[in-house]
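>>> Got a predicted structure plus its sequence, pasted below:
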Amino acid sequence: MVDPVTVAVLVAVAALGGAVGAALGGYLALGALGCLVLVGELLAALDVSVPAAVPTPLGYSVWLGPHVVLGGGVAAAAFAARRGYMDPSFRYHPAKDVTRPLGGESKALLVGAVFGVFGAGVAWVYATVGAPFDPVAATVVVSAFAHRVALGYPLVGEIRGGLLDVSPYDRGERREPMTDGGSTLGNGPSRQTGERSATSDRPTDPTTRLVVEPFLPYQCEWRTVAALGVGAGLVASALAYVTASAFLPFGLAAAALLGFAFTEEVPVAYHVAFVAGIAVLALAPADATAATLAESVSLPVALGVGTVAGLATALCSELLERAFYAHGDTHFDAPFAAVFVCSLVVAVLDLAGVVTSLPF
């Protein structure tokens, strides 16, 4: 029988997580969550047990994970943009500003809390029925579409030109003619800096938005994406191999998002690190230790598989961001969407007997 007190506490934890996501901003909250994941990994390495009532793994459980804090923060930003709370100088639609803290907006905090509970509930259902994919990553995707529907945003957005074409961004093409009758071309932000030309005096608002708004323009070129996938995948697979954990590389990469508090250009690679680690662990029996993993899989094989998985994840994420972020009005987390897709692929490989276990 389910203890109602326990359920109430877990719901409160999810609500608090969603509110924290809104208060800090979705990506800064995800960075803080990455630090919590690292604490959990440190405790595990020291063989320190946590109380049974604490949701585990720390920072990536059904009741407190990215689907809660990031989902809450993203929904709060979308709500705040509707209410005019967001900074209109943000280079994209204000609802996409998931690094802006909203701690001073009580209604935005409430929206974050609601979507935190919603995310926890969806992930709990996935975990309970034994869905063959990562329930946390899947819920991040569900939450993104849910807040778009609930807050009156289009599911995908109006597609102008090619679905996967981000070249209009480089040309600075705008969605509406300027009020002074000027051209819709030119004075757009460069892919390298993400800033508008110094000669541009055009405001960044929904009537002068760019035709395409690529997520992380400084790392959206295919060669950059591939390099990130290979590099982060190689490092993450090595870490996963020596620790028998996919959460350590994920936590390190997620914690790096705290850099958004200081700069607008932070490499985002938590999806690559996580899937590379999952791919390595999938080659060994479930609950393998570092010793049994080393007995089951050689280091060169682990590094090769993890690197390929990292590359595939990076490319998948870029495809998804061009389809669901670049044309939309709110944040859609393509990295976690890629984790969801790749976890499905791992499940299919498990059914086919190619891998040994499902590490999620």
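That came in fine, so what should we check first?
>>> Which residue ranges of the stretch 51-200 of the chain form helices?
All helices of the stretch 51-200 of the chain, identified by DSSP state H, counting those that start in this stretch, fall at 66-83, 106-129, 135-150, 167-171.
>>> Tell me, how many residues neighbour residue 290?
14 (other CB atoms under 10 Å). Any C-beta I mention is one placed from the backbone N, CA and C, and that applies to glycine too.
>>> For it, give its distance to residue 277.
Note on residue 290: its distance to residue 277, by CB to CB, to the nearest Å, is 13 Å.
>>> now do residue 157
From residue 157 to residue 277 the distance is 33 Å (CB to CB).
>>> Have a look at these two and say which one is more surrounded.
Neighbour count, other CB under 10 Å: between residue 157 and residue 277, residue 277 has more, with 30 against 19.
>>> Now do the contacts for the nearest residue to that one once chain neighbours are set aside.
Once flanking residues are discounted, residue 277 sits nearest to residue 246: 2.9 Å by CB to CB, 6 or more residues apart in numbering. Residue 246 is in contact with 236, 240, 274, 276, 277, 278, 280, 281, 359, counting by CB atoms under 8 Å, 6 or more residues apart in numbering.
>>> Out of the helices of the stretch 51-200 of the chain, the one nearest residue 53 is which?
helix 106-129 (15.3 Å; CB to CB).
>>> roughly how far is the lowest-mean-pLDDT helix or strand in the chain from the heart of the chain?
The helix or strand of the chain with the lowest confidence, counting by mean pLDDT, DSSP states H and E, is helix 167-171 at a mean of 88. Relative to the chain's own centre, helix 167-171 is displaced by 24 Å; criterion: CA atoms, centre = their mean, to the nearest Å.
>>> List the buried residues of that helix.
By 16 or more other CB atoms under 10 Å, the buried positions in helix 167-171 come out as 168, 169.
>>> And the next helix or strand past that helix?
helix 222-243 (DSSP states H and E).
>>> From the contact counts, what lies against that next one?
helix 247-255, helix 270-281, helix 290-296, helix 299-324 (3 or more CB pairs under 8 Å, 6 or more residues apart in numbering; DSSP states H and E).
>>> Over the longest one, what's the mean pLDDT, rounded is fine.
Per-residue confidence for helix 299-324 averages out to 97 on the pLDDT scale.
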